[in-house]
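Build me a model from this:
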Amino acid sequence: MEITYVVIVSIVTYVLGAITKLFIESIPNRYIPIQNVIIGVVSAFICYLTKIEPNLLQSIILCLMASTAAGGVAELVKVNRKEG
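Numbering: from 1, shown residues only. Predicted coordinates for the structure are as follows:
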């Protein structure tokens, strides 16, 4: 079931990113962690409501970790491209 979390977080990230791009031209970097937390919470509720994870707290923690880790990796890649 672990791969399901990743798929759900990815889909929610894509949908919220597309919505954000439609209504907001650019988001300052300081708001990206808040966006990652929102993505994690929304993903957690989706996982909980679809019965992928029966425990809500565990679902929130797993999805928050996945979304913030993905944001950190994206920033790391972005920084490495600027320096290289």
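
shaky segments in the chain?
Across the chain, residues meeting the criterion (pLDDT under 70) sit at 1-2, 73-80, 83-84.

80 instead?
Along the chain, the model assigns pLDDT under 80 to residues 1-5, 17, 20-21, 23-29, 70-84.

would you list every one of the helices in it?
Counting by DSSP state H, the chain has these helices, from start to end: 2-23, 32-49, 56-83.

which one of the ones you listed is the most hemmed in?
Compared across these, helix 32-49 shows the largest average neighbour count, a mean of 18 (mean count of other CB atoms under 10 Å). In short, each C-beta sits where N, CA and C put it, glycine included.

Tell me the helices and strands packed up against that one.
helix 2-23, helix 56-83 (3 or more CB pairs under 8 Å, 6 or more residues apart in numbering; DSSP states H and E).

helices or strands next to the shortest one in the packing?
Meaning helix 2-23. The helices and strands touching helix 2-23, judged by 3+ CB pairs under 8 Å, 6+ apart, are helix 32-49, helix 56-83.
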